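K.L.:
coords below, sequence missing:
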């Protein structure tokens, strides 16, 4: 089952369906779409950036356009996919935008477990989505965007409750982390210093470090982890050499990436590549 909304004037589209939408990801690839997967009574098996996950029944997982995603198994799913033109060009509160908490507020993919009241609420919202897709009029696009905003607001609230982000002080720190993550995502291939990002955020490097220490992350650690993640993606999913990958993530000398990679993984890039090939 799949239903698609397309707005030709903006090239926006929204896809709503079940596991059939995920069949094209039997081999790992970037979705190039913002994707929500909601499980019902069955678990789903997926692989994100070479890490296997079992998503429990009655849960939601949110994926950005940067992940390498593989669908392994699952049924009776609810899947929403949309491009930037559908939702992200709209003016939204920072927490529920495409640069919001669900997509850039974590160092891991967010998985939200739902209680009965929550998934019944989302079931009702899903029925409204399907009904609106059948209503062809001049305000259909705006209605669908409003429904997606409602879905993201509900999901963001659930994530905040799960992560304990309800007090103002901690929420402020998470907002700073999200802004930092978004900047790192944009610039990590060229800029590796905390000072660069601190300047963009009008903070001192020390202020960033002090804020992030309470979140069990240092700014430099986030930068390095993003570089290592990209290097892993390129080693797993492309035939690029370690030298080519080093240059792509901003190192003139491949040995600099090799040292960083080994410090984080205990393997050199070439040994990591061999280990993946042996598993395959």
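P.N.:
Structure received. Quick caveat, the model's predicted, so the values are computed rather than measured. Numbering: from 1, shown residues only.
K.L.:
any idea how many residues pack against residue 211?
P.N.:
For residue 211, the neighbour count with other CB atoms under 10 Å is 18. The C-beta positions use only the backbone N, C-alpha and C, and glycine is treated the same way.
K.L.:
neighbours around the nearest residue to it once chain neighbours are set aside, how many?
P.N.:
Closest residue to residue 211 apart from its sequence neighbours, by CB to CB, 6 or more residues apart in numbering: residue 173 at 5.2 Å. Number of residues near residue 173 (other CB under 10 Å) recorded here: 17.
K.L.:
same thing with residue 226?
P.N.:
Residue 226: 20 surrounding residues under other CB under 10 Å.
K.L.:
any idea which element it lies in?
P.N.:
Using DSSP states H and E, residue 226 maps to helix 219-237.
K.L.:
confidence score at the residue nearest the centre of the chain?
P.N.:
Of all residues in the chain, the one closest to the mean position by CA atoms, centre = their mean is residue 64, 3.3 Å from it. At residue 64, the model reports a pLDDT of 82.
K.L.:
same check, this time on the one 4 residues further on
P.N.:
Reading off the per-residue confidence, residue 68 sits at a pLDDT of 86.
K.L.:
contacting residues for the nearest residue to it once chain neighbours are set aside?
P.N.:
Using CB to CB, 6+ apart and skipping residues adjacent in sequence, the residue nearest residue 68 is residue 28, 4.8 Å away. Contacts for residue 28 (CB atoms under 8 Å, 6 or more residues apart in numbering) come out as 47, 50, 68, 69, 70, 236, 237.
K.L.:
of those, closest to residue 260?
P.N.:
Residue 260 has its nearest neighbour among the contacts of residue 28 in residue 236, at 17.4 Å by CB to CB.
K.L.:
from residue 19, how far off is that closest one?
P.N.:
Distance, residue 236 to residue 19, using CB to CB, to the nearest Å: 24 Å.
K.L.:
strands along this structure, start to end?
P.N.:
With DSSP state E, the ranges of strands along the chain come out as 2-7, 12-17, 34-38, 44-48, 51-55, 59-63, 69-73, 78-82, 111-113.
K.L.:
hmm, residue 112 and residue 158 touching each other?
P.N.:
Yes. If you go by CB atoms under 8 Å, residue 158 and residue 112 touch, sitting 5.0 Å apart.
K.L.:
who touches both of these two?
P.N.:
Both residue 158 and residue 112 are in contact with residue 60, where contact means CB under 8 Å, 6+ apart.
K.L.:
more neighbours, the two?
P.N.:
Taking neighbours as other CB under 10 Å, residue 158 and residue 112 compare with residue 112 leading, 23 against 19.
K.L.:
residue contacts, that one?
P.N.:
59, 60, 61, 155, 158, 159, 162.
K.L.:
can you check the pLDDT for it?
P.N.:
Turning to residue 112, the model gives it a pLDDT of 89.
K.L.:
where's it relative to residue 47, distance?
P.N.:
Using CB to CB, we find residue 112 at a distance of 19 Å from residue 47.
K.L.:
do residue 67 as well
P.N.:
Taking CB to CB as the measure, residue 67 falls 10 Å from residue 47.
K.L.:
ok, those two, which is more surrounded?
P.N.:
Shown here are residue 67 and residue 47; by other CB under 10 Å, residue 67 has more neighbours (20 against 16).
K.L.:
quick one, what contacts that one?
P.N.:
By CB under 8 Å, 6+ apart, residue 67 lies in contact with 30, 31, 48, 49, 109.
K.L.:
for it, give its distance to residue 1.
P.N.:
Taking CB to CB, one finds residue 67 at 24 Å from residue 1.
K.L.:
cool, and residue 126?
P.N.:
Residue 126 is 12 Å from residue 1, by CB to CB.
K.L.:
cool, residue 87 as well?
P.N.:
Distance of residue 87 to residue 1, given as CB to CB: 22 Å.
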